[in-house]
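Novice: build me a model from this:
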Amino acid sequence: MSSDPVNYAQMLQALSTLKKQGVQDFADALKAVLAAVRPQLAGPANTQASPQGDHRDGVVRASSEIVLTRKDVINQVYLDAAGNYSVKGYNARLEHSFGKIYLGLDKGADYDAQATEPNKAIRRITTPEAFALTLGIARRAVATSPHPHAFDIADLMVILNKTLADLCTYWFGLPDDIIMVTGRMREKDIVAPARCPGDFSYTSASVFKPKPDCMVTMAGQALGRLLKEAVTQFIARHRAANTIPQAALANAIFKAFPDDDELIGRTIIGVMMGFLPTTYFNLLFAVNEWWQSGEFKRLQDQLKGNSEPAFGRAVKVLELPLMQAMQRRPMPDAVWRTAVKKHTLGTVEVNAGDMIHINIMQATQADQKAGNTDVFPIFGGDRSKPVHPQHACPGQALAMGVMLATVNAVLEPSP
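Specialist: Prediction:
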């Protein structure tokens, strides 16, 4: 099936028309779509490389795309010193969802105008600060879970949804339990109110997966529009009261674009989308793996045996195992770029218009097997370096603090 997002938009419009006409099986059809989408959101990229290119170089041509599987080549494309690649394909997809964001802009004045202040605000939140905030929130989420006194793996998604939603309320003012509520990924109808963190996962997958299928794209576009409706109401409520949010990141975004409510809304959703699915799935995969392997109990015992202050002991006991778990099953497992001019990458001739499929999981797994612990490929590069990729995640420090604190709370529900 064609990957043209306009076709997906037309399909989505057709489904909406059927619903308005009262077609009785619409809900069942949509439920089937969402049921099929759910496992794909976290599923690894499955790209079979053809013989064109050299696997040892980490660059191979597979049908209509160039697949990168080695960290050094991935970092070269992330940095893009020669200006060979573009992220504009993200915004081409987002036009059919909640609208364009600076993650879909290439280097230039527009990117600088839209990204500078939000990124500054995100980077002001340090790993220790995020850890301290999250630890209490996550422990409260554990305390209100179905098995508060003895963690059960069945409770994990409940705990993650509650923790991430409460963090977003603190930093963005949403969810507010009115226009956006705490909620998991959907299993049937796409109807208001919007859900946090669940609705962001479909939306993110439809944009950042190199080749999302029709069902992923349809669900992502529909939920992106639902998120836009919710955030538009959030902004309108503040305008009517002549206020701006006190939540730190929403406050910074309102102040950055005081006369552009449309841009405020798109930016809030974009920043939340950058934070939520990555954090949720990396935590989900890590804790599930530890539970199944017995590492969970070993880490619990190590925490009990360490008497350092909370952040220091979490770093000492949990940081390395967490990063190694992330390397084994990263989220995102893959992202993409579009080549903008003819050049050679490794031993492969790249043409303008080629999709560059960045297979993060193959690279991080190989890196770990070689004895290297490095999660920066998952975050698009290391923004702390003087020369760094334009789209290296500004929230890497924040996210690591959130993840360390959440696994700490799950392993050790009370101080």
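Novice: so who does residue 244 touch?
Specialist: Residues near residue 244 by C-beta atoms under 8 Å, 6 or more residues apart in numbering: 238, 250-251, 254-255. Any C-beta I mention is one placed from the backbone N, CA and C, and that applies to glycine too.
Novice: would TSV of those with distance to residue 315 be doable?
Specialist: Below are the contacts of residue 244 laid out as TSV (distance: C-beta to C-beta, whole Å):
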residue	distance to residue 315
238	38
250	29
251	29
254	34
255	33
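Novice: between those residues, which has the most around it?
Specialist: residue 250 (26 neighbours; other C-beta atoms under 10 Å).
Novice: list phi and psi for that residue.
Specialist: phi -60, psi -40 (degrees, to the nearest 10).
Novice: now residue 78: how far from residue 403?
Specialist: Distance of residue 78 to residue 403, computed by C-beta to C-beta, to the nearest Å: 21 Å.
Novice: likewise for residue 367?
Specialist: Residue 367 sits 19 Å away from residue 403, taking C-beta to C-beta as the criterion.
Novice: who has more neighbours, those two?
Specialist: Remark: of residue 367 and residue 403, residue 403 carries more neighbours, 27 against 18, as counted by other C-beta under 10 Å.
Novice: which ones are touching the more buried one?
Specialist: Applying C-beta under 8 Å, 6+ apart, the residues contacting residue 403 are 279, 282-283, 286, 322.
Novice: just give me the closest of the residues you listed to residue 97.
Specialist: Using C-beta to C-beta, residue 279 comes nearest to residue 97 of these, at 20.4 Å.
Novice: you'd agree that closest one is in a helix?
Specialist: Yes. Residue 279: assigned to a helix according to DSSP: H, G, I helix; E, B strand; the rest coil.
Novice: show me the shaky parts of the stretch 101-250 of the chain.
Specialist: Counting by pLDDT under 70, the stretch 101-250 of the chain contains no low-confidence residues.
Novice: buried stuff in stretch 295-313?
Specialist: 295-296, 299-300, 303, 310-311, 313 (16 or more other C-beta atoms under 10 Å).
Novice: pLDDT for those - can I get that in TSV?
Specialist: TSV is the format used below for the buried residues of stretch 295-313 (pLDDT from 0 to 100):
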residue	pLDDT
295	98
296	97
299	98
300	96
303	96
310	96
311	98
313	97
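Novice: among those residues, which ones are in helices?
Specialist: Taking DSSP state H, the ones among those that sit in helices are 295-296, 299-300, 303, 310-311, 313.
Novice: nearest to residue 275, of those residues?
Specialist: residue 311 (20.1 Å).
Novice: surely the closest one touches residue 133?
Specialist: No. Here residue 311 lies out of contact with residue 133, judged by C-beta atoms under 8 Å, at a distance of 11.4 Å.
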